[in-house]
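1. Need the 3D shape of this:
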Amino acid sequence: MKFGYRKPSLTKRIAARTSVKRYIRHSLGFKAPRGWGWITNPKRAAYNRVYNQTSKGCLLVLFGLSGLSFLIILFIFFNP
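-> This is a model prediction of the structure:
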């Protein structure tokens with residue numbers, strides 16, 4: 001199991017969008033309702049639950065640093 005920040009992968013993103021399984025599920029209507037992952041694939045549902053609770057988004061650091069630099073600039077220029 002991975003802990004910490006995610007590293008986005010362009011190849012995995014493209015592969016997920018163009019897979020045969022995805023096409024079959026979305027076009028032929030074999031999708032289960034939201035929240036039924038525990039019934040359709042419990043192993044993957046358990047993994048995803050732990051992963052989503054222990055990892056952080058890859059853009060979290062970028063937004064945090066940009067917000068911090070914005071506050072510093074405001075403090076420097078607009079401090080009476």
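2. all contacts plus neighbour counts: C-alpha atoms, from now on.
-> OK.
3. Doesn't Gln52 lie inside a helix?
-> One thing to correct before we go on: residue 52 is Asn, not Gln. Yes. Assessed by DSSP: H, G, I helix; E, B strand; the rest coil, Asn52 belongs to a helix.
4. Relative to Phe77, how far out is it?
-> Distance of Asn52 to Phe77, computed by Cα to Cα, to the nearest Å: 39 Å.
5. between those two, which one's more packed in?
-> More neighbours surround Asn52 than the other of Asn52 and Phe77, with 11 against 8 (other Cα atoms under 10 Å).
6. so what's that one scoring on pLDDT?
-> The score at Asn52 is 81. That number is its pLDDT.
7. likewise Gly37?
-> For Gly37, pLDDT reads 83.
8. same question, the one 10 residues further on
-> With respect to pLDDT, Tyr47 scores 91.
9. The closest residue to Gly4 other than its chain neighbours: neighbouring residues, count only.
-> For Gly4, ignoring the flanking residues on the chain, the nearest one in space by Cα to Cα, 6 or more residues apart in numbering is Ser55 at 4.8 Å. Per other Cα under 10 Å, the neighbour tally for Ser55 reads 14.
10. surely Ser55 meets Asn48?
-> No. Using Cα atoms under 8 Å, Ser55 makes no contact with Asn48, being 10.4 Å away.
11. Find the residues that touch each one of those two.
-> Counting by Cα atoms under 8 Å, 6 or more residues apart in numbering, no residue touches both Ser55 and Asn48.
12. can you map out the strands along the chain?
-> Here the chain has its strands, by DSSP state E, at 4-5, 55-56.
13. closest to Phe30 out of those?
-> Closest approach to Phe30 among the strands of the chain (Cα to Cα): strand 55-56, 29.8 Å.
14. Partner strands of that closest one, with direction?
-> Using DSSP bridges, strand 55-56 pairs in its sheet with strand 4-5 (parallel).
15. any idea how far Trp36 is from Phe30?
-> From Phe30 over to Trp36 the distance is 13 Å, taken as Cα to Cα.
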